[in-house]
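In: quick one, structure for this:
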Amino acid sequence: MKTLFGNELLNEFARLLNSAKNRIWICSPYVGSLKFIETISNNKINSSKVEKKFITDIKEVSKLNFKFFKRIIKTGELRTLTGVHAKIYIIDNKCLVTSANLTETAFYRRHEIGIFLNEEESKESISTYENFWKKSIKIKRIELKETKDKKKEKSKDENYGFKLPKIWNISQKKKLPQFWLKPIGVSENPITENQKFSDLEVELHFAVNPKAIRVNDIIIAYGIGAKRILTIYKVKTIGAKFTENEQSEEWMKRWSYYLTGQNLTPDFGKVWMKKSLYASNLISEYLENNPTEFITHNKSKGLGALNFKKDKIRLESDFASFIMNKIEQ
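Out: Predicted structure coming up:
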């Protein structure tokens, strides 16, 4: 069993789909475009050699997904189960149980999490899928057309999520993003509750060259004085240094390095003071549920490095995911 999120979740799911030899069984209430599913499965979804079963709630999905459903009816079997909300992906004898629907939004733009099960661990989930299958109703092509013709209302699926920035990508040899905690403010000029962090793009400043931070890394902003999470940034540029001519203000001499960050959660950045995501509380809750895990990449269970005025701390990806999920709640 392994728990993954973000790019690791996306790439492991794609790898699992690409490895399919005997069956692809999917249960997902919302479904993305045929092109997305062909891409993520490397066209395995179209293979006549692989058994394909798909369970959804046909009353809830948008007409935008009917190309995919037609393909499933042509090469496999489509069934509907009213009220289904589970997301189960069975590839041969292995299984992914996840929060992610089979959509671009879920796998490219949201902070989802998934548990990959080996063959022995997958038996119970496969049995659950088979029970869903028995309860579900087979959909024929003519019934699919009738359902499509009735759908005139606005799409209920996750397509609205395309307004979110794309933060995950299918990668081959590309490096996965790292996660950092970045203190904002200083003890002599702490963050106060009247400050908002909703700008879509900002310069983030460092006293030491942030050469370990890469483009597409994720930075979680932490307020000095406020002791709370402020917002989340995605790194857009590598670190650079102000030239002597650019150092027009005194603070630039101390914080002489900078990089550009794209604000992924500007709405949260407006109301961070009301959400009260105190770092100490987040650490306590996370370690209570995961006592053998660590908070930082250096295997620490706390943020003591902040006491030594470190201007960045690399976080363990699971803890970073925990924080990001809290922000989305």
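In: show me where the stretch 201-329 of the chain has strands.
Out: For the stretch 201-329 of the chain, strands defined by DSSP state E, counting those that start in this stretch occupy the ranges 201-206, 218-223, 229-235, 240-241, 257-263, 313-315.
In: put together JSON lines for the ones you listed, with mean pLDDT on each row.
Out: Below are these laid out as JSON lines (pLDDT from 0 to 100):
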{"stretch": "strand 201-206", "mean pLDDT": "92"}
{"stretch": "strand 218-223", "mean pLDDT": "95"}
{"stretch": "strand 229-235", "mean pLDDT": "95"}
{"stretch": "strand 240-241", "mean pLDDT": "87"}
{"stretch": "strand 257-263", "mean pLDDT": "92"}
{"stretch": "strand 313-315", "mean pLDDT": "94"}
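In: adding distance to Gly6 and mean neighbour count, write those out as a markdown table.
Out: (Each C-beta comes from the backbone N, C-alpha and C, glycine too.) Shown next, in a markdown table, are the strands of the stretch 201-329 of the chain (distance: least, CB to CB, whole Å; neighbours: other CB atoms under 10 Å):
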| stretch | distance to Gly6 | mean neighbour count |
| --- | --- | --- |
| strand 201-206 | 20 | 17 |
| strand 218-223 | 8 | 24 |
| strand 229-235 | 12 | 24 |
| strand 240-241 | 26 | 14 |
| strand 257-263 | 16 | 20 |
| strand 313-315 | 13 | 21 |
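In: give the residue farthest from the middle of this protein.
Out: Asn245 (41.0 Å; CA atoms, centre = their mean).
In: and that one, how far from Ile238?
Out: Noted for Asn245: a distance of 21 Å to Ile238, by CB to CB, to the nearest Å.
In: again with Lys135
Out: Lys135 is 53 Å from Ile238, by CB to CB.
In: just Leu277 next, same as before
Out: Distance from Leu277 to Ile238, by CB to CB: 28 Å.
In: those two: which has the busier surroundings?
Out: For the pair Leu277 and Ile238, the greater number of neighbours falls to Leu277 (18 against 12), based on other CB atoms under 10 Å.
In: contacting residues for the more buried one?
Out: By CB atoms under 8 Å, 6 or more residues apart in numbering, the contact set of Leu277 is Arg228, Ile229, Ile323, Lys326, Ile327.
In: which one (most neighbours) among those?
Out: Ile229 (26 neighbours).
In: for the residue positioned nearest the centre of the chain, what are phi and psi?
Out: For the chain, the residue nearest the mean C-alpha position is His111 (2.3 Å; CA atoms, centre = their mean). The phi/psi pair for His111 (degrees, to the nearest 10) reads phi -90, psi 90.
In: any idea how far the nearest residue to Ser99 once chain neighbours are set aside is from Leu259?
Out: Using CB to CB, 6 or more residues apart in numbering and skipping the chain neighbours, the partner closest in space to Ser99 is Glu112 (4.8 Å). Counting by CB to CB, the gap from Glu112 to Leu259 is 27 Å.
In: Phe107 now?
Out: For Phe107, the distance to Leu259 - CB to CB - is 27 Å.
In: please apply the same query to Ile327.
Out: Going from Ile327 to Leu259 by CB to CB gives 21 Å.
In: then Leu4?
Out: Noted for Leu4: a distance of 27 Å to Leu259, by CB to CB.
In: Tyr89: which element?
Out: Following DSSP states H and E, one finds Tyr89 within strand 88-91.
In: residues making contact with that strand?
Out: By CB under 8 Å, 6+ apart, the surrounding residues in contact with strand 88-91 are 13, 16-17, 19-20, 23-28, 95-98, 102, 122, 125-126, 128-129.
In: hmm, Lys2 is touching Phe116, no?
Out: Yes - at 5.1 Å, Lys2 counts as touching Phe116 under the criterion of CB atoms under 8 Å.
In: what about these two, which has more around it?
Out: When Lys2 and Phe116 are compared for neighbours, Phe116 comes out ahead with 22 against 10, by other CB under 10 Å.
In: tell me the helices and strands packed up against the helix or strand where that one lies.
Out: Secondary structure from DSSP H and E places Phe116 in strand 113-117. The elements that strand 113-117 packs onto, with contact taken as 3 or more CB pairs under 8 Å, 6 or more residues apart in numbering; DSSP states H and E, are strand 2-5, helix 6-18, strand 94-98.
In: alpha carbons only: can I get that strand in CSV?
Out: Taking C-alpha atoms only, strand 113-117 is exported to CSV below (Å, rounded to 0.1, in the frame of the first residue of the first chain):
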residue,chain,number,x,y,z
ILE,A,113,-4.9,11.9,-2.8
GLY,A,114,-4.9,8.2,-3.7
ILE,A,115,-4.1,4.9,-2.1
PHE,A,116,-2.5,2.3,-4.4
LEU,A,117,-3.2,-1.3,-3.3
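In: quick one: the helix or strand following that strand to strand 113-117, angle?
Out: Where DSSP H and E defines the elements, the next helix or strand beyond strand 113-117 is helix 119-135. On the basis of axes from the mean of the first three to the mean of the last three CA atoms, to 10 degrees, helix 119-135 is oriented at 110 degrees to strand 113-117.
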